[in-house]
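1. predicted model, plus sequence, below.
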Amino acid sequence: MLNKFDIQVRESEGHAIIETAGYLNDALGEKLSEKAQELIQNGYTLLVINLEKTTLINSIGISILIEIIEALAEREGTLNFCGLSATQERTFRMMAIAKYAGIFPDEESAIANL
């Protein structure tokens, strides 16, 4: 069950939302990175990553999220996360990811704060 994953992308005026489902490891992370880089190349610099359906994130997944933050920073963009579990949120804060990307309880507030 942990090897099943999915990514949905919703493009809107001025921003895009990436929704992940499954274990954020190298396989899902690679797909997430490809989608994010594609959006950035297409001019989207305001992104939300919804992790509500992602129960586990390993170190490779974290490093891929950091790469996306860096790619957006180069374009003066913004990345906000939503749908994190309490453990994921603590991990993001401990690793200082929250210093470079917003963390919000739901998609609506993540979009409103882009």
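-> Great, that's in hand. Numbering: from 1, shown residues only.

2. ok, Gln37 to Lys4 distance?
-> 23 Å (CB to CB, to the nearest Å). To be clear about C-beta, it is placed using only N, CA and C from the backbone, and glycine gets the same treatment.

3. higher neighbour count, the two?
-> Neighbour tally, Gln37 and Lys4, criterion other CB atoms under 10 Å: the higher count belongs to Gln37, 13 against 10.

4. which ones are touching Thr55?
-> Counting by CB atoms under 8 Å, 6 or more residues apart in numbering, Thr55 touches Tyr23, Ser85.

5. in a strand, that's where it is, yeah?
-> No. Under DSSP: H, G, I helix; E, B strand; the rest coil, Thr55 sits outside any strand and is assigned coil.

6. residue numbering should commence at 438 henceforth.
-> Taking 438 as the first residue, the last one we looked at is Thr492.

7. got the phi/psi numbers for it?
-> Main-chain dihedrals, Thr492, degrees, to the nearest 10: phi -90, psi -30.

8. find the residue at the geometric middle of the protein.
-> Centroid check for the chain by CA atoms, centre = their mean gives Ile486 as the closest residue, at 3.3 Å.
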